[in-house]
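**Q** got a structure for you, letters missing:
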């Protein structure tokens, strides 16, 4: 009742929402109540449905219902934006393969990369490589060699250590990587909140590696990424300990892998333990020739 009296004075003339896919249905239901008039909903929002998290993902109908639950305002206008993608064509193909092999293929599957075009110069194209999956004998070798792979790529591309993000899948693996970085005295800036640009700037200024988890790298960009622990039993995890359904774990694993891959502009390397086997989220990419697989020497 208080807001109804104050709405005409304190409500918003228009609302612009970015990354709408990161809000849940309860949060989205609030926006249409924040406009100046309850009879007019001047709301514009952007969505990357491939990054949406949930058991079945967002559909156009679900978004429309969230913003207009009583269906007062008619059909919402939709605009598909053609974009110049920041990633190399090889990385785009890998990301598309991961997205299309996920649960949403049979529900609301939408290829956000279909209109993606590359504007790379000849010099930028020379920095690109086909995505690579490297098998290691065990976790310790995989964790310790991730820093070596980052340093090698930085030297090859002539960029800073901070331009190569090491993204670790699984809480246990992330803790192990932090411990190894400390034991080996690796200069590391750890990102523990989503889109932490300040941490990336500190890494560049201090000549440090960037270490993070997939849930924190959205909104960031790097020359290359090294994805650690993308193997069977970890991506997707067999269980979370928090009671989520296996369907949810499968969906979120594809989403996080997609987000992590598309942080890279030129190169993606993926590390796993051979005894575990490759994550099922990548098998289609390997079969289609989008991903080379090698054993670590």
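**A** The structure has been received and is ready for your questions. Model, not experiment: these values are computed from the prediction.

**Q** in the protein, which residue is closest to the centre?
**A** Centroid-nearest residue in the chain, with CA atoms, centre = their mean: residue 259, separated by 1.5 Å.

**Q** Would you agree that one is in contact with residue 217?
**A** Yes - using CB atoms under 8 Å, residue 259 makes contact with residue 217 at a distance of 6.6 Å. Where C-beta positions appear, they are placed from N, C-alpha and C, glycine not excepted.

**Q** Which residues does the helix or strand residue 281 falls within contact?
**A** According to DSSP states H and E, residue 281 maps onto helix 280-287. For helix 280-287, contacts defined as CB atoms under 8 Å, 6 or more residues apart in numbering pick out 93-94, 97-98, 100-102, 131, 133, 230, 232, 235-236, 253-254, 257, 270, 278, 291, 293.

**Q** again, 7 Å this time
**A** 94, 97-98, 101, 133, 230, 232, 235, 253-254, 257, 278, 291, 293 (CB atoms under 7 Å, 6 or more residues apart in numbering).

**Q** Can you flag the buried ones in those residues?
**A** 94, 97-98, 101, 133, 230, 232, 235, 253-254, 257, 278, 291 (16 or more other CB atoms under 10 Å).

**Q** Among the residues you listed, which pair sits farthest apart?
**A** The distance between the two most remote of those (CB to CB) is 18.2 Å, for 94 and 232.

**Q** hang on, the earlier thing: just the ones of the contacts of helix 280-287 in strands?
**A** 133, 293 (DSSP state E).

**Q** In JSON lines: the buried ones among the contacts of helix 280-287, plus distance to residue 159.
**A** As requested, those are exported to JSON lines (distance: CB to CB, whole Å):
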{"residue": "94", "distance to residue 159": "21"}
{"residue": "97", "distance to residue 159": "26"}
{"residue": "98", "distance to residue 159": "25"}
{"residue": "101", "distance to residue 159": "31"}
{"residue": "133", "distance to residue 159": "22"}
{"residue": "230", "distance to residue 159": "23"}
{"residue": "232", "distance to residue 159": "32"}
{"residue": "235", "distance to residue 159": "27"}
{"residue": "253", "distance to residue 159": "29"}
{"residue": "254", "distance to residue 159": "29"}
{"residue": "257", "distance to residue 159": "23"}
{"residue": "278", "distance to residue 159": "28"}
{"residue": "291", "distance to residue 159": "23"}
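
**Q** can you redo those residues as CSV with pLDDT?
**A** Listed next are the buried ones among the contacts of helix 280-287 as CSV, based on pLDDT from 0 to 100:
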residue, pLDDT
94, 91
97, 85
98, 87
101, 70
133, 97
230, 96
232, 93
235, 92
253, 87
254, 87
257, 93
278, 94
291, 95
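
**Q** What is the nearest of those to residue 86?
**A** Looking across these and measuring by CB to CB, the closest to residue 86 is residue 94, at 14.1 Å.

**Q** hang on, the earlier thing: wait, which of the buried ones among the contacts of helix 280-287 is closest to residue 181?
**A** Once CB to CB is applied, the member of the buried ones among the contacts of helix 280-287 that ends up nearest residue 181 is residue 230, at 19.1 Å.

**Q** what stretches of the protein score poorly on pLDDT?
**A** Of all residues in the chain, those with pLDDT under 70 make up the ranges 1, 25, 48-76, 79-85, 102-118, 240-244.

**Q** just the helices in it please.
**A** 2-10, 25-31, 60-67, 89-100, 122-126, 139-157, 171-183, 197-206, 246-261, 280-287 (DSSP state H).

**Q** ok, the buried ones among the contacts of helix 280-287 vs residue 13, which is closest?
**A** Closest to residue 13, out of all of these and judged by CB to CB, is residue 254, at 38.5 Å.

**Q** Give me the distance between the closest one and residue 293.
**A** Residue 254 sits 19 Å away from residue 293, going by CB to CB, to the nearest Å.

**Q** No further questions, thank you.
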